[in-house]
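**Student:** Test case, fold it:
(one chain, ligands or ions: 1)
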Amino acid sequence: MAITLTGYAQTPRVQKLWYKQPSGKIWENALPVGNGRQGAMVYGNVVNETIQLNEHTLWSGGPNRNDNPEALAALPEIRKLIFENKQKEAEKLANKAIITKKSHGQMFQPLGDLRLTFPGHDTFTNYYRELDIERAVAKTTYQVDGVNYTREVLASFPDRVIVIRLTADKPGKLAFNASYASLHKTKSIKTNTAKDLTIAGTTQDHEGVKGQVRFKGITRIKTEGGNVTANDTALNVAGANAATIYISIATNFKNYNDISGDENALAAAYLDKAASKSFASMLNPHIAAYQKYFKRVKFNLGTTELGNLPTDERLKNFRNVNDPELVTLYYQYGRYLLISSSQPGGQPANLQGIWNNKMMPPWDSKYTININAQMNYWPAERTNLSELHEPFLKMVEELSQTGKETARTMYGARGWMAHHNTDIWRATGAIDGAFWGMWIAGGGWTSQHLWQHYLYQGDKAYLARIYPILKGAATFYADFLIEHPKYKWLVVNPGSSPENAPAAHEGSSLDAGTTMDNQIAFDVFSSTIRAAEILKKDAAFTDSLRQMRKRLPPMHVGQHGQLQEWLDDVDDPNDHHRHVSHLYGLFPSDQISAYRTPELFAAARTTLLHRGDVSTGWSMGWKVNWWARLQDGNHAFTLIKSQLSPLGTSKEGGGTYNNLFDAHPPFQIDGNFGCTSGITEMLMQSADGSVHLLPALPDVWQAGNIGGLLAQGGFEVVNMEWKAGKLTKVQVKSKLGGNLRLRTPNTLKTASGKSLGQASGQNANAFYQVEPVASAVLSPKANLSAPTIKKTFLYDIPTQAGKSYVFVAQ
Ligand code: FUC
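**Tutor:** Here you go, the predicted structure:
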């Protein structure tokens with residue numbers, strides 16, 4: 001099928017998810033809307049419509065901590081056992097003394113459903129439903145007895161309410177009943193004298209923590225024509241031409257330590273303000289607030305006739321046909337989901353973003369910080385949604401407060417730390433079981449997001465504000481690291497390579513000096529050192545960090561040519577575990593580089609080949625990023641095909657649901673975000689000392705254009721076009737000035753035909769400073785073949801803040 005590539009200014013068609021049938025009972029068929037405070041899933045069912053409702057602070061439990069006070073006394077023994085290779089015994093002791101005896105984290109819970117019933121609509125024709133991700137509006141249309149009915153649903157960004165607009169195209173033909181359904185035990189549903197439908201309640205007790213989040217939901221209906229009547233628990237609309245339903249939800253949650261808010265006053269205030277406005281007058285401000293973010297990136301890989309099919313059919317076909325427009329839709333959907341689930345001042349996107357209908361969701365729908373929560377935020381900076389990083393960065397700041405006590409009481413260390421999970425209460429204790437929970441790097445890794453935010457934005461005042469958090473993460477490591485008796489390196493002990501264990505350790509994951517632990521320690525030290533240098537402070541402290549950094553274990557290439565996951569060469573080349581944590585150094589970090597560490601680069605590739613492709617959704621999402629960093633666009637695309645397959649296509653792996661939610665399975669939103677990040681990485685990377693354009697273009701995307709991506713150091717790639725696999729034109733805006741080092745697949749010149757300066761030496765731009773890692777330790781058995789890297793061209797272009805630069809193919 002021919003691919004037509006239109007100019008990127010004319011978007012080929014409005015980007016929508018659309019279907020010819022209602023969702024039925026399947027939640028993963030329903031379409032998500034959200035404004036970072038409220039989330040709703042719109043089923044589009046005709047007779048019994050369901051709008052499933054969430055609010056970002058509606059969590060079980062209340063302020064609590066879950067540290068295990070026995071840890072400190074047991075620590076020397078656990079360390080000794082691990083150094084003696086008695087990992088299984090160490091794990092037993094850690095289960096007793098380190099894993100919490102309190103809450104393993106609280107649950108993100110739904111409010112309930114708003115149910116709308118439409119009597120007499122059993123027989124309908126012309127059914128259609130869509131989610132327009134360019135305007136953030138869901139719509140359902142159908143016909144009954146010659147009357148066309150339309151429903152539109154949005155979660156208003158400026159007004160903080162969910163609004164539903166219902167219309168009939170013949171007068172007086174709109175009639176329905178509205179009620180709440182909720183699985184909360186402690187609740188009351190009733191109407192009041194103002195004919196508002198209300199739901200009030202308190203969230204659940206969980207694992208010994210009393211449910212203390214009080215919630216209030218209010219639904220108000222205004223009609224044009226007809227009337228609204230109320231019985232005790234439901235509202236009824238009859239004989240209307242149109243109706244607007246306003247839904248507000250609030251809780252008493254103020255922050256992780258304060259639940260003194262007034263949910264009744266808040267819910268009433270949002271509702272009263274919104275309900276004074278018509279739907280029409282709310283629509284444009286909503287769209288404008290949404291598009292402020294969404295429109296920053298335009299992406300076009302061409303269109304085919306396949307793009308005319310409904311979304312579920314395209315998903316079924318994708319892996320066997322060429323439908324590049326589904327890639328761009330899925331990419332932009334990732335951005336839509338981040339805009340909808342993560343807004344400044346709100347909670348960060350959790351395992352399900354802001355969409356959950358279960359009272360006890362998988363993994364509590366909380367924050368797993370050994371990969372999943374971080375992955376949610378990989379698209380934030382690179383796809384030009386930096387402001388939306390804020391809820392996550394705020395969470396890290398809060399963890400640095402709660403995690404201080406954990407560092408001190410459990411490990412006798414200064415600074416702060418977190419284990420592999422947290423929740424809305426910012427609990428930092430070790431949970432689940434030592435196999436999963438005995439991992440101390442949750443603080444270290446999440447703290448890198450603060451540093452990354454600085455690298456993209458270049459705001460020194462921000463850096464000064466968050467510096468104590470970076471320093472606190474580094475201080476924890478400085479106190480926690482311990483000399484390895486055999487190797488004399490400074491190692492994390494106890495630590496683990498998340499959720500994986502070598503056979504040599506009798507199934508125990510606990511170990512000292514795992515590769516990921518070393519890599520994270522390296523980044524924590526490096527970012528703190530650099531931040532202190534920029535801020536001109538703490539010279540003595542950073543000098544000691546430098547000394548310690550030198551003593552971290554180097555990365556090892558093992559007997560199978562793999563990057564070792566553990567300090568000893570015990571990897572199994574047939575291990576297909578979903579976590580490939582030791583490739584943290586390849587992405588999101590850039591310790592492993594094609595140009596600086598070719599052995600490690602080759603070993604990372606071998607490791608990824610051993611691990612295989614198909615896995616859980618998020619694992620495939622991470623692999624797209626890794627193959628992009630390995631500059632293998634075709635392999636990255638293979639992963640995209642596996643991810644964009646209907647769930648069940650492969651027995652051992654995840655895939656995608658009809659509403660394009662990622663399937664772990666179950667639904668987990670990280671895979672959506674991971675893949676959006678990965679597609680960006682295929683087209684542009686800002687890491688490893690340069691802005692690398694088209695580093696991993698697959699053969700199937702020979703022509704296209706993308707505009708609006710962000711690179712570190714305040715560069716915006718305003719537009720980039722390529723044809724026949726060749727970069728034809730690129731426009732870069734420099735927000736901060738400084739040297740722009742471009743790595744390109746073909747030669748470029750300026751728009752006026754001048755040649756560009758060849759780059760040499762270290763990039764003078766401080767945002768692109770790379771921290772050299774120690775040389776790899778190579779197993780004598782390793783058979784390493786140098787990776788074949790496509791030839792690239794490296795240019796240095798001095799830039800001035802505020803100016804744009806255009807380059808074209810030579
Ligand atoms: C980690 C992963 C699982 C899942 C969970 C939420 O424990 O290993 O696959 O994603 O987080």
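**Student:** Okay, helices next: where are they in the stretch 251-400 of the chain?
**Tutor:** 263-275, 279-294, 311-317, 324-341, 372-376, 378-382, 390-411 (DSSP state H, counting those that start in this stretch).
**Student:** Relative to residue 657, which of those is closest?
**Tutor:** helix 311-317 (8.6 Å; C-beta to C-beta). In short, each C-beta sits where N, CA and C put it, glycine included.
**Student:** same for the host helix or strand of residue 49, what does it pack against?
**Tutor:** Per DSSP states H and E: residue 49 is located in strand 48-55. Contact here means 3 or more C-beta pairs under 8 Å, 6 or more residues apart in numbering; DSSP states H and E; on that basis strand 48-55 packs against strand 38-42, strand 112-117, strand 162-168, strand 214-224, strand 242-251.
**Student:** Would you mind naming what in the stretch 501-650 of the chain lies close to the ligand?
**Tutor:** Residues of the stretch 501-650 of the chain lying close to the ligand (C-beta under 6 Å from any ligand atom) are 578, 579, 616, 618.
**Student:** Leaving out the residues flanking it, which one is nearest to the last one?
**Tutor:** Spatial nearest neighbour of residue 618, excluding adjacent residues (C-beta to C-beta, 6 or more residues apart in numbering): residue 670 at 4.2 Å.
**Student:** Which residues are in contact with residue 586?
**Tutor:** 592, 601, 604, 626, 629, 630 (C-beta atoms under 8 Å, 6 or more residues apart in numbering).
**Student:** Kindly present the residues you listed as CSV, with separate columns for secondary structure and pLDDT.
**Tutor:** CSV is the format used below for the contacts of residue 586 (DSSP: H, G, I helix; E, B strand; the rest coil; pLDDT from 0 to 100):
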residue, secondary structure, pLDDT
592, coil, 98
601, helix, 97
604, helix, 98
626, helix, 98
629, helix, 98
630, coil, 98
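**Student:** and the two most separated of the residues you listed?
**Tutor:** Counting by C-beta to C-beta, the most remote pair of the contacts of residue 586 is 601 and 626, 11.2 Å apart.
**Student:** ok, of the contacts of residue 586, which one's closest to the ligand?
**Tutor:** Nearest to the ligand among the contacts of residue 586 is residue 626, at 16.7 Å by C-beta to the nearest ligand atom.
**Student:** Assess the claim that residue 441 and residue 494 are in contact.
**Tutor:** No: Residue 441 sits out of contact with residue 494 when judged by C-beta atoms under 8 Å, with a separation of 11.6 Å.
**Student:** now the contacts of residue 586 as CSV including neighbour count?
**Tutor:** Shown next, in CSV, are the contacts of residue 586 (neighbours: other C-beta atoms under 10 Å):
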residue, neighbour count
592, 30
601, 22
604, 28
626, 24
629, 30
630, 26
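**Student:** list the contacts for whatever residue of the stretch 701-810 of the chain ends up closest to the ligand?
**Tutor:** Nearest residue of the stretch 701-810 of the chain to the ligand, counting by C-beta to the nearest ligand atom: residue 773, 26.6 Å away. Neighbouring residues of residue 773 by C-beta under 8 Å, 6+ apart: 522, 554, 555, 585, 591, 592, 596, 597, 600.
**Student:** Just the buried residues from the residues you listed, in PyMOL please.
**Tutor:** Here is the PyMOL selection string for the buried members of the contacts of residue 773, based on 16 or more other C-beta atoms under 10 Å:
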select buried, resi 522+555+585+591+592+597+600
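**Student:** shaky segments in this structure?
**Tutor:** 1-12 (pLDDT under 70).
**Student:** could you redo the last one with a cut-off of 50?
**Tutor:** 1, 6-11 (pLDDT under 50).
**Student:** Would you mind listing what in it touches the ligand?
**Tutor:** Counting by C-beta under 6 Å from any ligand atom, the chain sits next to the ligand at 351, 363, 368, 372, 499, 578, 579, 616, 618, 664, 668.
**Student:** Let me have the residues you listed in TSV, adding distance to residue 17 as columns.
**Tutor:** Converted to TSV, the residues of the chain next to the ligand look like this (distance: C-beta to C-beta, whole Å):
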residue	distance to residue 17
351	21
363	26
368	27
372	24
499	33
578	27
579	30
616	23
618	21
664	20
668	19
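**Student:** How many residues are close by the residue in the stretch 201-350 of the chain positioned nearest to the ligand?
**Tutor:** Proximity of the stretch 201-350 of the chain to the ligand (C-beta to the nearest ligand atom) peaks at residue 350, 10.1 Å away. Using other C-beta atoms under 10 Å, residue 350 has 29 neighbouring residues.
**Student:** For it, name its beta-bridge partners.
**Tutor:** residue 353 (DSSP bridges).
**Student:** contacting residues for it?
**Tutor:** 108, 365, 366, 367, 373.
**Student:** number of nearby residues for the nearest residue to residue 247 once chain neighbours are set aside?
**Tutor:** Closest residue in space to residue 247, ignoring its immediate chain neighbours: residue 162 at 4.3 Å, by C-beta to C-beta, 6+ apart. Residue 162: 28 surrounding residues under other C-beta under 10 Å.
**Student:** Next: residue 305.
**Tutor:** 10.
**Student:** Is it possible to get TSV of the residues of the chain next to the ligand that adds neighbour count?
**Tutor:** Below are the residues of the chain next to the ligand laid out as TSV (neighbours: other C-beta under 10 Å):
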residue	neighbour count
351	24
363	20
368	25
372	23
499	19
578	21
579	20
616	21
618	28
664	23
668	29
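**Student:** picking up where we left off before, so what sits opposite the residue nearest to residue 247 in the bridge?
**Tutor:** Bridge pairing for residue 162 - DSSP bridges - gives residue 155, residue 247.
**Student:** who's in contact with the strand holding residue 49?
**Tutor:** 27, 30, 34, 37-43, 108, 110-118, 140, 151, 153, 162, 164, 215, 217, 247, 249-251, 354-357.
**Student:** List only those of the residues you listed flagged as buried.
**Tutor:** The buried subset of the contacts of strand 48-55 (16+ other C-beta under 10 Å) comprises 27, 30, 34, 37-43, 108, 110-118, 140, 151, 153, 162, 164, 215, 217, 247, 249-251, 354-357.
**Student:** Tell me where the stretch 401-550 of the chain has strands.
**Tutor:** Secondary structure of the stretch 401-550 of the chain (DSSP state E, counting those that start in this stretch): strands at 421-422, 482-483, 490-491, 495-496, 510-511.
**Student:** mind listing what the fourth one pairs with, with the direction of each?
**Tutor:** Read that as strand 495-496. Paired strands of strand 495-496, defined by DSSP bridges, are strand 510-511 (antiparallel).
**Student:** Work out the gap between the partner strand and the centre of the chain.
**Tutor:** Centroid separation between strand 510-511 and its chain, computed with C-alpha atoms, centre = their mean, to the nearest Å, is 28 Å.
**Student:** In the stretch 601-750 of the chain, which residue sits closest to the ligand?
**Tutor:** Counting by C-beta to the nearest ligand atom, the stretch 601-750 of the chain gets nearest the ligand through residue 616, at 5.2 Å.
**Student:** which residues does that residue contact?
**Tutor:** 578, 653, 654, 664, 665, 668, 671.
**Student:** Can you tell me which of the residues of the chain next to the ligand lies closest to residue 808?
**Tutor:** Once C-beta to C-beta is applied, the member of the residues of the chain next to the ligand that ends up nearest residue 808 is residue 618, at 38.6 Å.
**Student:** Done for today, thanks.
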